[in-house]
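Asker: this one's sequence-less:
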């Protein structure tokens, strides 16, 4: 389990899905979060556009241990992971597609 303050690295087993070959967009959402729906569409679009990028959505309420370990305080929160599962970027709120693409630059 990751610890805040240290290099955070996530694995497929923790996330419940396989990481992308080049990068992974991890979205923490909650059931009644309106911006989470738009974020889901944006991240899915980017993952479809960029080879080797996966999008994983995690229900924050169902994964409270992981949420606490990562210090997730609001939804949507998006983590950008590199190919090794290291968190290279983090953002809270509904992202713009251009910002997501730019953030992927730090991962690939």
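Answerer: That came in fine, so what should we check first? Treat the numbers as computed from the prediction; the structure is a model and nothing was measured.
Asker: contacts, neighbours, all on C-alpha from now
Answerer: OK.
Asker: Endpoint to endpoint, stretch 62-75 covers what distance?
Answerer: End-to-end distance of stretch 62-75: 13 Å, with C-alpha to C-alpha, to the nearest Å as the criterion.
Asker: Which element, helix or strand, includes the nearest residue to residue 12 once chain neighbours are set aside?
Answerer: Once flanking residues are discounted, residue 12 sits nearest to residue 18: 4.9 Å by C-alpha to C-alpha, 6 or more residues apart in numbering. Using DSSP states H and E, residue 18 sits within no helix or strand.
Asker: so residue 18 makes contact with residue 10?
Answerer: No - using C-alpha atoms under 8 Å, residue 18 is not in contact with residue 10, being 10.7 Å away.
Asker: Now do the residue nearest to residue 12: how many residues are near it, please.
Answerer: By other C-alpha atoms under 10 Å, 14 other residues sit near residue 18.
Asker: all strands in the chain, in order from the N-terminus.
Answerer: With strands called from DSSP state E, the chain shows them at 23-29, 53-59, 77-82, 87-92.
Asker: Show me what the second one is packed up against.
Answerer: For strand 53-59, the helices and strands in contact under the criterion 3 or more C-alpha pairs under 8 Å, 6 or more residues apart in numbering; DSSP states H and E are strand 23-29, helix 34-49.
Asker: tell me the centre residue of the protein?
Answerer: Among the residues of the chain, residue 26 comes closest to the average C-alpha position under C-alpha atoms, centre = their mean, at 1.7 Å.
Asker: List the contacts of that residue.
Answerer: 55-58, 78-81 (C-alpha atoms under 8 Å, 6 or more residues apart in numbering).
Asker: Which of these has the largest number of neighbours?
Answerer: Going by other C-alpha under 10 Å, residue 81 tops these with 30 neighbours.
Asker: Could you measure from the residue nearest to it when sequence neighbours are not counted over to residue 29?
Answerer: Ranked by C-alpha to C-alpha, 6+ apart and with sequence neighbours excluded, the top spatial neighbour of residue 81 is residue 87, at 4.5 Å. Separation of residue 87 from residue 29 (C-alpha to C-alpha): 17 Å.
Asker: who has more neighbours, the two?
Answerer: More neighbours surround residue 29 than the other of residue 87 and residue 29, with 24 against 21 (other C-alpha under 10 Å).
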